[in-house]
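1. sequence and predicted structure below; questions after.
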Amino acid sequence: MSAIDERRNAGRVVVGMRADAALFLPRPLRTSACVCFFRAMKRAAWTLAWLLLGCHAAKAPVSQPDDPSRLRSPEAFAQVRDMGSRSQALFREASKVMLHPRCTNCHPPDDTPRQLASQRPHDPPVARGNEGQGVPGMECASCHQDVNLELARVPGAPNWHLAPIEAAWLGRTPSQICEQLKDPTRNGGKTLQAIVDHAANDALVAWGWSPGHDREPAPGTQEIYGALMQAWLDTGAHCPQGGLP
Amino acid sequence: MMQLTINGIPHELDVDPEMPLLWVLRDILGMTGTKYGCGEALCGACTVHIDGHAVRSCVTPVRRASAKAVTSIEGLSPDGNHPLQRAWTEMGVPQCGFCQAGQLMTAAALLKKNPRPSPTDIDRSLAGNLCRCGAYNRIRAAIQKVADEAKQP
């Protein structure tokens, strides 16, 4: 076989038939066998794909293959006709942001903020103190400025501080976070609209999408997060049930 | 121009507003009592006060101190007689001494807001000030001594 024939046969691997198998066929049949095999495989693949898509869509119209790093906008949930179910789905989507380390690291259930994606305890050691601002001599603002410091790798944003312990998100489920957000005794007496506005506009919340250095940002954008929370409120602010932390 | 008041003395400085306060103190004004340790706010050697709050000057842009009162170790007391400085001397706290300016400034910020700290309070406030000589026990004891004296009627 010439070098040119070898290259031609090697190229047929791409269309679904092993080149060395085709070599056992009489030369006039080699091309037509490859084409038939390819067409049959293509039909089978399309049939399987449509079947899988149909089954999946029938089971869960909104929960398409989910990527935790991607945040879907409220429009993606318009097909959920039941308002309660849509509201729950919207909150569960928004909770992708709440449960990201950029957010949970400063929403701990104890007195110690966490760091990095590994969520290790803050180093140097710091304590919550009054108002979540640290302790005298070791306040959050002793080191954290109003902007990220790229050279020193110290993250920063205006009013850097810990969330109140009643608003802990670390280790909580979306359902638990939702219930505590709606509870005036645990949300600082805020209205739900005030909570939505905080999510959509607060400068410290915004840091989650501009964390600087090599920190992974929270999923999506603050605009989508705020829109999800507003849509959750507009659909009745229903909380998802159960779920893993 | 940047308007700063450092240890009670007003200064007008033509510096980049993003320049670390430590650079201004040491390189522009020649006040070398405040030390450069890690440059990443991890060791506390560069601690000074802005309006009484302890800050790590190696990462603090000088613009943050504009129109505010900065206190460095040189200004903690006029003649080295701050109760902490006296306790430091009496108990022989420093070994090499490099971190001590930061230790004193952090301890002073603690005592200003909490004159009678518990041992836990002291540990929490000083936890971010590193001492390569390991003088932690003497540092804690000296702060406790000043706190105990403050407790006496």
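-> Everything's here; your move. Model, not experiment: these values are computed from the prediction. Numbers count the residues shown, from 1 in each chain, chains lettered A, B, ... in the order given.
2. test my guess that A:P68 contacts A:K96.
-> Yes. At 5.8 Å, A:P68 counts as touching A:K96 under the criterion of CB atoms under 8 Å. (C-beta placed from N, C-alpha, C; glycine too.)
3. between these two, which has more neighbouring residues?
-> Using other CB atoms under 10 Å in any protein chain shown as the criterion, A:P68 and A:K96 rank with A:K96 on top: 22 against 9.
4. chain B contacts on chain A?
-> A:123-127, A:129, A:135-139, A:141-143, A:145-146, A:149, A:152-154 (CB under 8 Å from any CB of the partner chain).
5. got phi/psi on the nearest residue to A:T112 once chain neighbours are set aside?
-> Using CB to CB, 6 or more residues apart in numbering or on different chains and skipping the chain neighbours, the partner closest in space to A:T112 is A:P121 (5.0 Å). Main-chain dihedrals, A:P121, degrees, to the nearest 10: phi -60, psi 150.
6. which stretches in chain B count as helices?
-> B:21-23, B:83-90, B:100-113, B:119-126, B:136-151 (DSSP state H).
7. oh, I was asking about chain A
-> A:3-11, A:19-22, A:27-59, A:83-98, A:101-104, A:140-143, A:174-182, A:192-201, A:203-206, A:222-234.
8. check the nearest residue to A:A157 once chain neighbours are set aside and give its pLDDT.
-> Leaving aside its chain neighbours, A:A157 sits nearest to A:W207 (3.7 Å; criterion: CB to CB, 6+ apart). Per-residue pLDDT puts A:W207 at 98.
9. what number of residues lie near A:V205?
-> Neighbour number of A:V205 under other CB under 10 Å is 19.
10. list the contacts of it.
-> Residues counted as contacts of A:V205 (CB atoms under 8 Å, 6 or more residues apart in numbering or on different chains) are A:198-199, A:222.
11. which residues of chain B lie near chain A?
-> Residues of chain B lying near chain A (CB under 8 Å from any CB): B:39-42, B:44, B:47, B:53-56, B:58-61, B:64, B:106-107, B:109-110, B:112-114, B:121, B:124-128, B:130.
12. just the buried ones from those?
-> Buried by 16 or more other CB atoms under 10 Å in any protein chain shown: B:39, B:41-42, B:44, B:47, B:53-56, B:58-61, B:64, B:106-107, B:109-110, B:113-114, B:121, B:124-128, B:130, out of the residues of chain B next to chain A.
13. so B:C96 touches B:C133, yeah?
-> Yes. With contact defined as CB under 8 Å, B:C96 reaches B:C133; the gap is 5.3 Å.
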